[in-house]
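Asks: Build me a structure from this.
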Amino acid sequence: MAEVRGPGIAAAALSLALAGCTMAPTYARPEAPIAEAYPAQTEGEADAALLGWRDVFGDERLQALIELALENNRDLRVATLNVERLRALYRIQRAPLLPSVNATGSATFQELPEGVPGRDEQYAATLNVTAWELDFFGRIRSLADAALERYFATAEARRSAHLSLVSQVAIAHFTERALAEQLELARGTLELVEESFAITRRAFELGTASELDLRTSESQVETARFNVALYEQRHAQAVNALVFLVGAPLPADLPGSVALADAKVLIDLPAGLPSDLLQRRPDILAAEHELMAANASIGAARAAFFPSISLTGVAGFGSAELGELFGGDGFTWLFSPRIDVPIFQGGALRASLDAAEISKAIEVARYQRAIQAAFREVSDALVGQRALADQLDAQEARVAANERRYDLANRRYRAGIDSYVTLLTAQQDLYRSQELLIDARFNRLANVANLYRALGGGWKETAEETPVAPEAG
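Replies: Down below sits the predicted model:
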């Protein structure tokens, strides 16, 4: 095999050797402005983010809804396409690190006047290297690094959309179930007050009840009808919201629904340590990649102060006869190095560097704010984890007491001991406490979904699954 020599090959080798060098500052992760532990947290807990969403949400209907949403949701689809777009842009940005080579073939035919000397046919075949910049100071490498970090940031944004979607579908499902139970309660209450109204009307006709009792009972019937219509509307809207998140009509063969009280949800999620958020919250990771991109952009701005060296080369064959095109006498070459030295730019280079450094400072603040926001979300959900459990216990006891109270008031009214007002008050308090019990169950389940997302959970389907990191390609 013949040995290849020449100044172009030597320059290319030198450029490749220096391609990994940049003038970007050495990256150091900023300090996390949060406490070392969450409030209301016990030490030594594992991290819920390591659990898959099937491990946390065990209800078969909810699992089917999440699976459908991950397949069909348009917001998640847009986020995925944005990742692919940024990946392509990174490949474009790093392309100048290698020479651009073009092959050209041409033929020229010319008719000359009789008696004028010269050839009337020319053939040529060439390879062109067009303006290949030798990246001695890492300008191109820094731009490519910045594009790569933005690609990684977009990949994390896509993962964040994935996590949010899992949580949103869970909350939408719990909302639909809560409103379905509220609607069922309103319908049952309507039947109850209609029965009471019939008794009161009969008593009024017999003269044992006043018209005030009759009209009060009638008002209760109309209030119950209003509540039924209200919850029919809200439940239908909740179903529409769920369909929107899923991205497709709900299949008829979905598993059956279960009551909120019987929901198969891992209630007591372990939180782990705040430092785990830095590695598992995709919005924090995305903010850090944006920070690293800004850091790389400083390298490009610094390199712009130094000379840029580019090479242009042409090598090929030319002949007046097509059959002799690739003969030894027809070989031609052209090598043209070029150096550009910035002398006076009106302060543009300095301003570009200042802007790059300010952009990095902005990204540092955004990164630290993302950490603080994540810490607050987890802390709020952890506080709610304990408080909502206490609220649920209290509300269940309250409903039990109001059920007994209503039963006693109903008996005393029918026996003629108490007025209808006593029965009415007991019935209203029972209905309101039953409404609040449904709300308390919903709030506790929704808090689990929020805590799971806040901890960075929802990316894996099961605990055994290993997440795949994005590739630059």
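
Asks: use CA for all of it now, contacts and neighbours both
Replies: Will do.

Asks: In contact with the residue lying closest to R139 once chain neighbours are set aside, which residues are there?
Replies: Spatial nearest neighbour of R139, excluding adjacent residues (C-alpha to C-alpha, 6 or more residues apart in numbering): A300 at 4.4 Å. Residues near A300 by C-alpha atoms under 8 Å, 6 or more residues apart in numbering: T22, M23, A24, G138, R139, I140, R141, S142, L143.

Asks: and the second one, which of the three is it?
Replies: When states are read from DSSP: H, G, I helix; E, B strand; the rest coil, the local structure at M23 comes out as coil.

Asks: picking up where we left off before, can you lay out the contacts of A300 as TSV showing distance to L127?
Replies: What follows is the contacts of A300, written out as TSV (distance: C-alpha to C-alpha, whole Å):
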residue	distance to L127
T22	30
M23	33
A24	35
G138	27
R139	27
I140	24
R141	26
S142	29
L143	28
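
Asks: and the most centrally placed residue in the chain, what helix or strand is that in?
Replies: By C-alpha atoms, centre = their mean, the chain has its centre lying nearest to A161, at 1.9 Å. Per DSSP states H and E: A161 is located in helix 139-206.

Asks: Check which element follows that helix along the chain.
Replies: Following helix 139-206 toward the C-terminus (DSSP H and E): helix 211-246.

Asks: which other helices and strands contact the helix or strand following that following helix?
Replies: For helix 211-246, the following helix or strand on the C-terminal side (DSSP H and E) is helix 274-280. The elements that helix 274-280 packs onto, with contact taken as 3 or more C-alpha pairs under 8 Å, 6 or more residues apart in numbering; DSSP states H and E, are helix 282-303, helix 348-414.

Asks: cutoff 7 Å now
Replies: In terms of contacts (3 or more C-alpha pairs under 7 Å, 6 or more residues apart in numbering; DSSP states H and E), helix 274-280 is packed against helix 282-303.

Asks: residues of the helix it packs on that come out buried?
Replies: Going by neighbour count (16 or more other C-alpha atoms under 10 Å), the buried part of helix 282-303 is 282-303.

Asks: Can I get that helix in PDB, CA atoms only?
Replies: Output in PDB follows, covering the C-alpha atoms of helix 282-303 (Å, rounded to 0.1, in the frame of the first residue of the first chain):
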ATOM      1  CA  PRO A 282     -35.500  15.300  34.800                       C
ATOM      2  CA  ASP A 283     -36.300  19.100  35.100                       C
ATOM      3  CA  ILE A 284     -33.300  19.500  37.300                       C
ATOM      4  CA  LEU A 285     -31.100  17.500  34.900                       C
ATOM      5  CA  ALA A 286     -32.500  19.500  32.000                       C
ATOM      6  CA  ALA A 287     -31.600  22.700  33.700                       C
ATOM      7  CA  GLU A 288     -28.100  21.400  34.400                       C
ATOM      8  CA  HIS A 289     -27.600  20.500  30.700                       C
ATOM      9  CA  GLU A 290     -28.700  24.000  29.700                       C
ATOM     10  CA  LEU A 291     -26.100  25.300  32.200                       C
ATOM     11  CA  MET A 292     -23.400  23.100  30.600                       C
ATOM     12  CA  ALA A 293     -24.500  24.300  27.200                       C
ATOM     13  CA  ALA A 294     -24.000  27.900  28.300                       C
ATOM     14  CA  ASN A 295     -20.600  27.000  29.800                       C
ATOM     15  CA  ALA A 296     -19.600  25.500  26.400                       C
ATOM     16  CA  SER A 297     -20.800  28.700  24.600                       C
ATOM     17  CA  ILE A 298     -18.300  30.700  26.600                       C
ATOM     18  CA  GLY A 299     -15.500  28.500  25.100                       C
ATOM     19  CA  ALA A 300     -16.800  29.400  21.600                       C
ATOM     20  CA  ALA A 301     -16.900  33.100  22.500                       C
ATOM     21  CA  ARG A 302     -13.400  33.000  23.800                       C
ATOM     22  CA  ALA A 303     -12.000  31.200  20.800                       C
END
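
Asks: how big is the angle separating it from helix 139-206?
Replies: Between helix 282-303 and helix 139-206, the angle formed by their directions is 150 degrees, by axes from the mean of the first three to the mean of the last three C-alpha atoms, to 10 degrees.

Asks: And the longest strand belonging to the chain, how far out from the chain middle?
Replies: Of all the segments of type strand in the chain, defined by DSSP state E, the longest one is strand 121-134. Centroid displacement of strand 121-134 relative to its chain, using C-alpha atoms, centre = their mean, to the nearest Å, is 47 Å.

Asks: average model confidence for it?
Replies: Strand 121-134 shows a mean pLDDT of 72 in the predicted model.

Asks: counting contacts, what elements does it pack onto?
Replies: Strand 121-134 makes packing contacts with strand 101-109, strand 308-319 when contacts are defined by 3+ C-alpha pairs under 7 Å, 6+ apart.

Asks: try 8 Å this time
Replies: If contacts are counted by 3+ C-alpha pairs under 8 Å, 6+ apart, strand 121-134 sits against helix 7-18, strand 101-109, strand 308-319.

Asks: Buried ones in the shortest one, by neighbour count?
Replies: Within strand 101-109, not a single residue qualifies as buried, counting by 16+ other C-alpha under 10 Å.

Asks: quick one: it to strand 121-134, angle?
Replies: Taking the same axes, to 10 degrees, one finds strand 101-109 and strand 121-134 inclined to each other by 160 degrees.

Asks: what helices or strands is strand 101-109 leaning on?
Replies: The contact analysis (3+ C-alpha pairs under 8 Å, 6+ apart) places strand 101-109 against strand 121-134.

Asks: Buried ones in stretch 415-422, by neighbour count?
Replies: Buried-residue list, stretch 415-422, by 16+ other C-alpha under 10 Å: Y420.

Asks: For the helices and strands packed on strand 121-134, which has the smallest mean pLDDT value?
Replies: helix 7-18 (a mean of 44).

Asks: Which element is encountered next along the chain beyond it?
Replies: Moving toward the C-terminus from helix 7-18, the next helix or strand (DSSP H and E) is helix 53-56.

Asks: coming back round to it: now the helix holding A161, how far from the centre of its chain.
Replies: Distance of helix 139-206 from its chain centroid, counting by C-alpha atoms, centre = their mean, is 18 Å.

Asks: Please apply the same query to stretch 56-65.
Replies: Centre-to-centre, stretch 56-65 and its host chain are 20 Å apart (C-alpha atoms, centre = their mean).
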